[in-house]
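In: structure for this input, please:
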Amino acid sequence: MLSTLRVLALAGLLAAGTIAAVAPAQADTTICEQYGSTTIGGRYVVQNNRWGSSAAQCINVTSTGFQITTQQGSAPTNGAPLSYPSVFLGCHYGNCSPGSSLPMQVSRIRSATSSIDYRYTGGTYNASYDIWLDPTPKTNGVNQMEIMIWFNRQGPIQPIGSAVGTTSVGGRTWEVWRGSNGANNVISYVAPSAISSWSFSVRDFINDVRARGAITDSWYLTSIQAGFEPWNGGTGLAVGNFSASVSG
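Out: From the prediction side, this is the model:
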């Protein structure tokens, strides 16, 4: 309900003929197509990305993120997940977010920051934040280096490769895994307990991977993504809010 003061203020503006038209809020969008996507905020792309299953999966896209509303698949927990519904800045298989400065060479990155808010539910899944890099400014196909940040892990699943120790990045302790999925190399940082929201420097993780000899400053950051990898269940999982910014 509008307060009396707001009503009076609006009335005064109308009488003076100075009120501006207010644009309607962006309506939610439902995506069920296997690789369907849309843009939000004129800045990010949200994708259904059901790459590993023919089972139905739908997401409801909001103005700041998305929620999984249908997920009917199931996959063995010792294999690959069903999908990676996500929101991203940059380029993913030729789909580039509007106005993005990515790809950008690592040596040119002055600042790379991000903020994420996850909402969790039941099922077997990880809440995954991906940072993709390649020796070339690639906008299509598979990049050679995938940094995965596991904000949450539910069920008997584990990252690609094997555990190689622990480290501190961004003021948090992580279990580090390293391996290859056959198409690209992967370094994963697994949180010891679920993280629901965090604002952090993406460059901190890039610097750690570089220190491990996996990339050099001549490589390119191509995209920053946040979403979920479900093996089963997961209806109700949501990215409530996502933002990312890279400047050079």
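In: pLDDT value on A27, please?
Out: We have a pLDDT of 72 for A27.
In: residues contacting the nearest residue to S201 once chain neighbours are set aside?
Out: Using Cβ to Cβ, 6 or more residues apart in numbering and skipping residues adjacent in sequence, the residue nearest S201 is T113, 5.7 Å away. For glycine as for every other residue, the C-beta is placed from the backbone atoms N, C-alpha and C. By Cβ atoms under 8 Å, 6 or more residues apart in numbering, T113 lies in contact with S199, F200, S201, V202, A244, S245.
In: secondary structure of the last one: a strand, I assume?
Out: Okay, so that is S245. Yes - per DSSP: H, G, I helix; E, B strand; the rest coil, S245 lies within a strand segment.
In: ok, it touching A112?
Out: Yes - the pair S245 and A112 qualifies as a contact (Cβ atoms under 8 Å) at a distance of 7.4 Å.
In: ok, these two, which is more surrounded?
Out: A112 (24 against 14; other Cβ atoms under 10 Å).
In: which one is that one nearest to, not counting chain neighbours?
Out: Distances taken as Cβ to Cβ, 6+ apart put V202 closest to A112, at 4.0 Å, once the chain neighbours are dropped.
In: what pLDDT does the one you found get?
Out: On the pLDDT scale, V202 is placed at 98.
In: any weak-confidence spans in the chain?
Out: Filtered on pLDDT under 70, the chain yields the residue ranges 1-26.
In: neighbour-wise, give me the winner out of the contacts of T113.
Out: Neighbour counts for the contacts of T113, by other Cβ under 10 Å, peak at A244, which reaches 25 neighbours.
In: just list the residues touching that one, thanks.
Out: Listed by Cβ under 8 Å, 6+ apart, the contact partners of A244 are Y44, L89, A112, T113, S114, S115, V202, I224.
In: which strand or helix spans the third one?
Out: Remark: A112 resides in strand 111-119, with elements defined by DSSP states H and E.
In: and that strand, which strands flank it?
Out: Applying DSSP bridges, strand 111-119 is found paired with strand 197-201 (antiparallel), strand 238-247 (antiparallel).
In: how far off centre is the longest one?
Out: This means strand 238-247. Centre-to-centre, strand 238-247 and its host chain are 7 Å apart (Cα atoms, centre = their mean, to the nearest Å).
In: hey, C-alpha coordinates of that strand in CSV?
Out: Once non-C-alpha atoms are left out, strand 238-247 reads as follows in CSV (Å, rounded to 0.1, in the frame of the first residue of the first chain):
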residue,chain,number,x,y,z
ALA,A,238,18.2,-21.0,-7.2
VAL,A,239,20.7,-18.3,-7.9
GLY,A,240,19.0,-15.3,-6.2
ASN,A,241,21.5,-12.7,-7.3
PHE,A,242,24.6,-12.7,-9.5
SER,A,243,26.9,-10.0,-10.5
ALA,A,244,30.4,-9.9,-12.0
SER,A,245,32.7,-7.2,-13.3
VAL,A,246,36.1,-7.4,-15.1
SER,A,247,38.2,-4.3,-15.9
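In: could you pull out the helices for this structure?
Out: 4-16, 202-211 (DSSP state H).
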